[in-house]
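Visitor: I would like to see how this sequence folds:
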Amino acid sequence: MPKLYFSKILFSQLKDDNSKNSEKKKTKNVGKDQKGCVQSIVENSDSPLAKPSKSCNEKQTLPQSLEKLLADKCGLAAFRAFLRSEFSEENIEFWMACEDYKKDTSPANLSSKAKEIYEEFVQSQAQKEINIDHHTRESIKKAIQEPSLSCFDEAQKQVFSLMENDSCSRFLKSEIYLNHANTPKT
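Guide: Numbers count the residues shown, from 1 in each chain. Sure thing, here's the model as predicted:
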C-alpha cells in the first residue's frame, strides 16, 4: 500500500513540474527521463525507494557530491525521491526554481517568477517554506521589488549547504542510493 501511495504522489509531482516549465520540448524530455528513473525505482523494489532506474544502466553509480548529483538526471530524480520520502522536498524544489529563474532573461518574466518563488518558498508561512535566516528572507523581500537574476542567490546557497551537509550525507547511506550503486551492468 505505501508503494502505491508514494507512486501516485511522485508521478503527480513530476507531472506538475513538467506542466510549469516554459521550455516545453526540453522539459518534456527531462521530465520523461526523471519519471522513467523514478518509476523504475518505485516499480522494481520491495521498498518504495529501493532500486535504480533501468534507463540509467549506463551509469552504474550515482555521483557522490551534491553538485554532481544535481547535474545528473537520474541522480537528481533519485535525490528528489529521497527528499520527498523525508518530507524535505521544498529544498530541492526551491533550488530548481532558482536555477530555472536564472535562465530567464526577460525582465517581464523575472518579476512574476520572483514573486511566485517568494510566495511559494520564501515568505513566512509559505506553503513550502525553506529554512533560511531572517536577514536573507528580508533581503529577498526587498530585492523582488526590482528583481535581478541574483536576488535569490544567498537563499539558494543556504539551501544548497543544508542539502549538502545534511540531506546528501543521509542519501548516500540510503537504500535507494546503495541499491543503485550495487546494480549489475546490463
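Visitor: give the contact list for the nearest residue to Leu76 once chain neighbours are set aside.
Guide: The spatial neighbour of Leu76 that comes closest, neighbours along the chain excluded (C-beta to C-beta, 6 or more residues apart in numbering), is Leu70 at 5.7 Å. All C-beta spots, glycine's among them, are computed from the backbone N, C-alpha and C. Shown here is Leu70, whose contacts under the criterion C-beta atoms under 8 Å, 6 or more residues apart in numbering are Leu76, Phe79, Trp95.
Visitor: I'd like to know how far the first one sits from Glu86.
Guide: Read it as Leu76. Relative to Glu86, Leu76 is positioned 16 Å away (C-beta to C-beta, to the nearest Å).
Visitor: quick one, which of the two is more surrounded?
Guide: Neighbour count, other C-beta atoms under 10 Å: between Leu76 and Glu86, Leu76 has more, with 21 against 14.
Visitor: Is Cys151 part of a helix or strand, or is it coil?
Guide: On the three-state scheme (DSSP: H, G, I helix; E, B strand; the rest coil), Cys151 is labelled coil.
Visitor: unless I'm mixing things up, it is touching Lys115, no?
Guide: No - applying C-beta atoms under 8 Å, one finds Cys151 not in contact with Lys115, separated by 10.9 Å.
Visitor: residues shared between the contacts of the two?
Guide: Common contacts of Cys151 and Lys115 (C-beta under 8 Å, 6+ apart): Ile144.
Visitor: Tell me the secondary structure at Lys173.
Guide: Taking three-state DSSP, the label given to Lys173 is coil.
Visitor: Report the separation between it and Leu83.
Guide: The gap separating Lys173 from Leu83 is 14 Å, by C-beta to C-beta.
Visitor: between these two, which one's more packed in?
Guide: A count of neighbours by other C-beta under 10 Å puts Leu83 above the other of Lys173 and Leu83, at 20 against 8.
Visitor: what about the residue nearest to that one when sequence neighbours are not counted, neighbour count?
Guide: For Leu83, ignoring the flanking residues on the chain, the nearest one in space by C-beta to C-beta, 6+ apart is Glu89 at 4.6 Å. Other residues near Glu89 number 18, with proximity taken as other C-beta under 10 Å.
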